[in-house]
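Chemist: Just to be clear, the model below is a prediction. Sequence and coordinates:
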Amino acid sequence: SLSAAPQISLLSCSPPPMPGPLLAAAGGAMGGAGGPLARTIRAKLTAALQPTHLEVRDDSSRHGGPPGAETHFGVLVVSESFAGLPLLQRHRLVHEALRTELAGPLHALQVIARTPQQWQSDPQAPPAPPCLGGSKRDKRRG
């Protein structure tokens, strides 16, 4: 069992280079920050992996989605469940926890999965990758 309450955060996506505001949660309660899919992602990852640190970032607006689309997310999960597991297996645990969402409304998911020891030695999340696919609203060049 963990002695400290997990730090759970929601990152709100902003265009680079300015990162979105970090809304930290005291005691693990988020108080309505984020949309319904963001809250579901946070709840399912918390239940499945009991993270000591969790960040959920909605990147949908960077990928041409309308406000509130909730289709593209990034998650940073720090959990003892990842100890001794290769990166691929860590990602599989995250994907399994979000299987229903990945089959439906969630189109893309960036996963950063670390152990508490890894997070303690480097408590920085890499920046979100750039959107390379454009938007359906962009004209495609042939």
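Modeler: Right, received. Where do you want to start? Numbering: from 1, shown residues only.
Chemist: Assign a three-state SS to Arg57, would you?
Modeler: The three-state label for Arg57, taken from DSSP: H, G, I helix; E, B strand; the rest coil, comes out as strand.
Chemist: Over to Ile112?
Modeler: strand.
Chemist: my guess is it contacts Phe82, does it?
Modeler: No - counting by CB atoms under 8 Å, Ile112 does not reach Phe82; the two are 10.7 Å apart. Placement of C-beta: from N, CA and C, glycine included.
Chemist: out of those two, which sits in the busier spot?
Modeler: Phe82 (23 against 17; other CB atoms under 10 Å).
Chemist: which residues touch that one?
Modeler: The contact partners of Phe82, taken as CB atoms under 8 Å, 6 or more residues apart in numbering, are 49, 90, 93, 113-115.
Chemist: Same list (those residues) but as CSV, adding pLDDT.
Modeler: CSV is the format used below for the contacts of Phe82 (pLDDT from 0 to 100):
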residue, pLDDT
Leu49, 98
Arg90, 98
Leu93, 98
Ala113, 97
Arg114, 97
Thr115, 97
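Chemist: Looking at these, spot the one nearest Pro126.
Modeler: Arg114 (11.0 Å; CB to CB).
Chemist: Closest to Gln124 out of the contacts of Phe82?
Modeler: Proximity of the contacts of Phe82 to Gln124 was ranked by CB to CB; the top entry is Arg114 with 10.5 Å.
Chemist: which ones are touching the closest one?
Modeler: 76-78, 82 are the contacts of Arg114 under CB under 8 Å, 6+ apart.
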